[in-house]
Structure formats: structure tokens, C-alpha cells
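Visitor: Okay, predicted coordinates and the sequence, questions at the end:
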Amino acid sequence: MKSVLTSAPGRVCLTFDLRTSIATDGYVCVTAHFIDTNWVLQKKVLNFCHMPPPPHNGVSSFEKVYKLLSMWGIENKIFCVMLDNASSNDVSIDMLRTQLINKKALVHEKLFAMFGEYVSNVPTPSTSSGMAGQAT
């Protein structure tokens with residue numbers, strides 16, 4: 001998968017979904033959305049992994065996610081990020097933006113961030129066939 005991501009001709013859009021289990025364990029799911037070398041839209045879950053012990057804050061979220069992006073070799077290919085509207089995500093996205101600007105990894109120093117109430121419920125082409133006329 002790493003070679004597929006790094007050889008993709010364009011940038012990668014990401015979805016970060018942070019969840020807490022009933023036992024108060026934190027988890028993060030990182031999903032990549034990208035066009036592959038055959039010009040086919042791909043959506044791949046890159047990681048579903050445990051987060052450091054609570055409290056889960058913007059700094060720990062940034063550190064975990066950036067480590068995962070580096071592991072996949074896509075830290076220089078990020079175009080936009082979609083995440084939920086938790087206040088700690090403001091810190092995470094600011095830290096990610098700063099890190100990517102320092103690495104000169106952004107187009108015109110812009111990182112597009114979209115905040116939504118429930119990221120895991122975002123419609124995708126495979127689940128939105130009945131949504132004619134709506135962008136997915």
C-alpha cells in the first residue's frame with residue numbers, strides 16, 4: 001500500500017476519526033482518499049490504532065497522526081484533512097499545518113481542513129448511490 005500511495009500522481013486527502021471506547025481507550029482511524037496511477041478514486045483505511053492514554057488532546061493527536069503519515073511516506077502529499085469538530089482538533093490541525101509549511105510540503109502553504117459532526121458518517125461513492133446530484 002505504501003508504494004501505491006507514494007506513486008499516486010496527485011495529492012492525498014485524509015479523514016481522521018478519533019473515538020473513545022466504553023472502557024475509555026482512545027483510537028484513531030486514518031483514511032486516505034486519492035487517485036491512483038490508473039486514475040481510479042481510492043479510499044483506503046491506513047490505520048486503526050490505539051491512542052496514548054487519556055487525556056486525548058490536540059498535541060497527542062497531532063503527534064500520533066503525523067507519525068502515521070510519516071510511516072506511510074505521505075507527509076509531503078497531503079492536500080486536505082477532514083475531521084470531527086472536537087475542540088482539540090483545532091490544535092491538531094494548526095500543528096499539522098505548521099509542520100507541513102516548515103517542510104514546504106503544502107501547495108501555496110495551504111492545508112484545507114473540513115470539520116464535521118460525525119466523520120465516520122460521511123457519504124462515499126459506494127454508499128451514496130441514491131444521492132443523485134449531490135457531491136460526494
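Guide: All right, it came through fine. Numbering: from 1, shown residues only.

Visitor: Show the contacting residues for residue 79.
Guide: Going by Cβ atoms under 8 Å, 6 or more residues apart in numbering, residue 79 touches 10, 11, 12, 13, 107, 111, 112. Every C-beta, even on glycine, is put in place using the N, C-alpha and C of the backbone.

Visitor: start to end distance for stretch 30-46?
Guide: Distance between the two ends of stretch 30-46: 6 Å, counting by Cα to Cα, to the nearest Å.

Visitor: about what we covered before: which of the contacts of residue 79 are buried?
Guide: Buried members of the contacts of residue 79, scored by 16 or more other Cβ atoms under 10 Å, are 11, 12, 13, 111.

Visitor: Quickly list what the second one is bridged to.
Guide: Each beta-bridge partner of residue 12 is listed here: residue 78, as defined by DSSP bridges.

Visitor: Now residue 64: which helix or strand?
Guide: Using DSSP states H and E, residue 64 falls within helix 58-72.
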